[in-house]
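Student: for reference, the sequence and a predicted model appear below.
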Amino acid sequence: MSIGIVTDNTCNLKSAEIEKLGVYIVSLYVNRSGKYTRALDLDLDSYYNELGTVAELPTTSQPSPQDFMEAFDRALQNFDVLVVPLISGKLSGTFVSASIASRDFDMPVHVIDTLLTENGLGMLIRNLSKMIEEGSDTDTLVKYATDFYKKIRTIFSVDDLNYLYKGGRIGKAKALMGNLLKMKPVLQMDEGELKPVENVRGNKKLLQSMVDHTLKGKDPAELKRVDIVYIKRSEDATELKRILLERVPTVEVEISLIEPVIGTHLGPEGIGIISEWA
């Protein structure tokens with residue numbers, strides 16, 4: 001039986017890699033004053049410039065069940081079984097939409113809440129594609145995708161806490177106090193949601209802290225890959241890479257922009273480190 005993969009755009013894979021892997025992507029939406037645009041269709045530089053100036057913060061929305069039904073229908077013309085790893089259900093209703101859509105198909109469609117997003121989800125998609133090439137069966141793939149979040153550590157920070165507050169991710173008092181004190185939050189994905197782990201003052205300390213939390217309690221020899229993601233902080237991203245390679249010289253490190261759904265909630269100067277461990 002041939003096995004295909006359907007996922008969502010927050011995996012942050014580039015179009016050339018999506019085509020190479022043969023993965024089907026369902027896009028979430030960005031709502032700007034009532035106008036809904038597929039996140040995949042946004043020009044990132046233009047959107048992030050806009051995000052820092054608009055009076056009304058954009059919101060995000062999950063794909064509809066119909067969006068998934070259309071993707072499943074296309075994919076099942078080429079595959080007998082679908083594995084559908086998606087953004088954490090604690091961050092988005094995308095998993096619910098896909099689960100509803102899957103009920104309309106007689107062929108097996110396995111929808112998985114990965115408890116991940118961004119490049120952590122992308123790392124999973126790459127690994128699943130390789131496993132399919134090597135002959136893994138459906139049960140093995142589903143179990144691997146369900147447990148993979150345990151191999152990923154995701155650390156983020158933002159310059160302005162108001163975006164997390166307006167997006168419903170933190171309380172108003174915490175946002176106000178953090179901004180007043182000019183504290184830089186360090187946030188970590190924990191069981192599928194972003195949680196604060198430390199507040200630091202000063203950008204130099206922040207970058208060091210992000211690396212410290214990435215490596216904390218881990219054997220550096222087990223670090224397989226690191227993706228640094230950013231919005232309007234290319235110099236900080238480069239510095240994070242330098243600090244990481246100082247600590248773990250052999251690790252593969254890539255730098256890329258944050259995709260727009262997560263970027264909307266982080267604000268126009270977010271930055272993150274996403275690491276995969278053995």
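Tutor: Ah, there it is. Please read these numbers as outputs of a predicted model, since none were measured by experiment.
Student: span of stretch 198-209 from start to end?
Tutor: 8 Å (C-alpha to C-alpha, to the nearest Å).
Student: state the mean pLDDT of it.
Tutor: If you average the pLDDT over stretch 198-209, you get 92.
Student: distance from that stretch to the middle of the chain?
Tutor: 22 Å (C-alpha atoms, centre = their mean, to the nearest Å).
Student: go on, stretch 26-35?
Tutor: With C-alpha atoms, centre = their mean, you get 17 Å for stretch 26-35.
Student: now the end-to-end length of that stretch.
Tutor: From start residue to end residue, stretch 26-35 stretches across 19 Å - C-alpha to C-alpha.
Student: one more: stretch 101-117?
Tutor: Start-to-end, stretch 101-117 (C-alpha to C-alpha) is 21 Å.
Student: out of the helices and strands in the protein, which is least certain?
Tutor: Taking mean pLDDT, DSSP states H and E as the measure, the chain has helix 172-180 as its least confident helix or strand, at a mean of 45.
Student: next SSE downstream of that one?
Tutor: Sequence order places strand 183-190 as the next helix or strand after helix 172-180, per DSSP states H and E.
Student: on contacts alone, who are the packing partners of that next one?
Tutor: Contacts defined by 3 or more C-beta pairs under 8 Å, 6 or more residues apart in numbering; DSSP states H and E place strand 183-190 against strand 152-157, strand 193-201, helix 203-215. Quick note: C-beta positions are derived from backbone N, CA and C, even for glycine.
Student: would you map the helices across the stretch 51-200 of the chain?
Tutor: 65-75, 94-102, 118-133, 138-147, 162-166, 172-180 (DSSP state H, counting those that start in this stretch).
Student: so for the longest one, mean pLDDT?
Tutor: In other words, helix 118-133. Helix 118-133 comes out at a mean pLDDT of 98.
Student: list the buried residues for that helix?
Tutor: Neighbour-count burial for helix 118-133 flags 118-129, 131-132 (criterion: 16 or more other C-beta atoms under 10 Å).
Student: one step back: in JSON lines, list the helices of the stretch 51-200 of the chain along with distance to residue 5.
Tutor: Below are those laid out as JSON lines (distance: least, C-beta to C-beta, whole Å):
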{"stretch": "helix 65-75", "distance to residue 5": "8"}
{"stretch": "helix 94-102", "distance to residue 5": "13"}
{"stretch": "helix 118-133", "distance to residue 5": "6"}
{"stretch": "helix 138-147", "distance to residue 5": "9"}
{"stretch": "helix 162-166", "distance to residue 5": "31"}
{"stretch": "helix 172-180", "distance to residue 5": "37"}
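Student: so who does residue 259 touch?
Tutor: 9, 10, 12, 39, 44, 118 (C-beta atoms under 8 Å, 6 or more residues apart in numbering).
Student: any quick ChimeraX command for the buried ones out of those residues?
Tutor: Buried residues among these (16+ other C-beta under 10 Å), as a ChimeraX selection:
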select :9,10,12,39,118
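Student: now, which of the contacts of residue 259 sits nearest residue 184?
Tutor: residue 118 (19.5 Å; C-beta to C-beta).
Student: wait, residue 105 touches residue 74, no?
Tutor: No. Assessed by C-beta atoms under 8 Å, residue 105 is found out of contact with residue 74, at 12.0 Å.
Student: now do the same for residue 227: its pLDDT.
Tutor: Value for residue 227, per-residue pLDDT: 98.
Student: what residue lies at the spatial centre of the protein?
Tutor: residue 118 (1.4 Å; C-alpha atoms, centre = their mean).
Student: mind listing what's buried in stretch 103-115?
Tutor: For stretch 103-115, by 16+ other C-beta under 10 Å, it's 108, 109, 110, 111, 112, 113, 114, 115.
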